[in-house]
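1. Need a 3D model of the following:
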Amino acid sequence: MCEPTVAIGIASALLSAVQSIASFQGQSQAARASERAYQEQRKLNAEAANTAYQQAQLKLKGEFDQAAQKSEELLVNRLQSQGTTLAAGRGGQSISSLLADAQRVEGKDLGSLGMNLANSQTDYFFSSQSIFQQQKSADFSAASQRTPAPSVGGLVLGLAGSALSGASAFSSLKAAPAGEINFNPANSFKLT
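-> Next up is the predicted model:
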């Protein structure tokens, strides 16, 4: 039969070991749940960025479509103006000037369209850069929220601490052999 002090030491060590293992398992579960939440947030960030990219692309496509339509209208207007001038039956140098004037007006308007498209492309570029930066920032923010996984080394140290705790409990309760004085400096007096 075991001495009561041995049983208390073993029970103390086992209790501490069970607490270390339970703590390790709880931290492991929290880390896995945190990693799943992080991966889900990254997926949501990517979906939001893709939606924003699509909206920016549709806006740019709309600008190009409007420019193409306006370009066709300018061509039609120029041809109509030139046709009207030629149909009037005029001759001479003034007719060449009127035909060139219609081309000049169309060219000026096409230049304005080109500048507008260049500005739209620049806006698209900056919008895409902003979307990319927002996604990366959101990913970094989600990463900073993750719970790290506990180390196995920490568990081993916890179990070793449990063994030391049990040994300490045993030695503190163990009676000194007969004729031996158990000296504890914390309990000693000073005589003056």
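2. quick one, phi/psi of the most centrally placed residue in the chain?
-> Nearest residue to the geometric centre of the chain (Cα atoms, centre = their mean): residue 139, 0.4 Å. Residue 139 adopts backbone torsions of phi -70, psi -40, taken as degrees, to the nearest 10.
3. Over to residue 145?
-> Dihedral pair for residue 145: phi -90, psi -10, per degrees, to the nearest 10.
4. you'd agree it is up against residue 34?
-> Yes - counting by Cβ atoms under 8 Å, residue 34 is a contact partner of residue 145 at 7.3 Å. Bear in mind the C-beta positions are built from the backbone N, C-alpha and C, glycine included.
5. Between those two, tell me which one has more neighbours.
-> residue 34 (16 against 10; other Cβ atoms under 10 Å).
6. Regarding the more buried one, which helix or strand does it belong to?
-> helix 4-87 (DSSP states H and E).
7. and that helix, how far from the chain's centre?
-> Counting by Cα atoms, centre = their mean, to the nearest Å, helix 4-87 is centred 8 Å from the centre of its parent chain.
8. So in this structure, where's the weakest helix or strand by average pLDDT?
-> Lowest on mean pLDDT, DSSP states H and E among the helices and strands of the chain sits helix 152-173, with a mean of 71.
9. mind checking how far residue 136 is from residue 76?
-> Remark: distance between residue 136 and residue 76 (Cβ to Cβ, to the nearest Å) = 47 Å.
10. ok, back up a step: you'd agree the residue nearest to the centre of the chain is up against residue 43?
-> No - counting by Cβ under 8 Å, residue 43 is not a contact partner of residue 139; they are 10.5 Å apart.
11. Just the residues contacting stretch 86-103, thanks.
-> Residues from elsewhere that reach stretch 86-103 (Cβ atoms under 8 Å, 6 or more residues apart in numbering): 77, 78, 81, 82, 85.
12. and that stretch, what's its mean pLDDT?
-> In this model, stretch 86-103 has a mean pLDDT of 76.
13. Take it, keep the C-alpha atoms, and write them as PDB.
-> Taking Å, rounded to 0.1, in the frame of the first residue of the first chain, the C-alpha atoms of stretch 86-103 are listed here in PDB:
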ATOM      1  CA  LEU A  86     -21.300  68.600-102.800                       C
ATOM      2  CA  ALA A  87     -25.100  68.400-103.500                       C
ATOM      3  CA  ALA A  88     -25.400  72.200-103.500                       C
ATOM      4  CA  GLY A  89     -23.500  72.100-106.900                       C
ATOM      5  CA  ARG A  90     -21.000  74.700-106.000                       C
ATOM      6  CA  GLY A  91     -17.600  74.700-107.500                       C
ATOM      7  CA  GLY A  92     -14.200  76.200-106.900                       C
ATOM      8  CA  GLN A  93     -11.900  76.700-104.000                       C
ATOM      9  CA  SER A  94     -14.700  77.400-101.500                       C
ATOM     10  CA  ILE A  95     -16.000  73.900-101.800                       C
ATOM     11  CA  SER A  96     -12.600  72.400-100.800                       C
ATOM     12  CA  SER A  97     -12.600  74.800 -97.800                       C
ATOM     13  CA  LEU A  98     -16.100  73.600 -96.800                       C
ATOM     14  CA  LEU A  99     -15.100  69.900 -97.100                       C
ATOM     15  CA  ALA A 100     -11.900  70.500 -95.100                       C
ATOM     16  CA  ASP A 101     -13.900  72.300 -92.400                       C
ATOM     17  CA  ALA A 102     -16.100  69.300 -91.900                       C
ATOM     18  CA  GLN A 103     -13.000  67.100 -91.500                       C
END
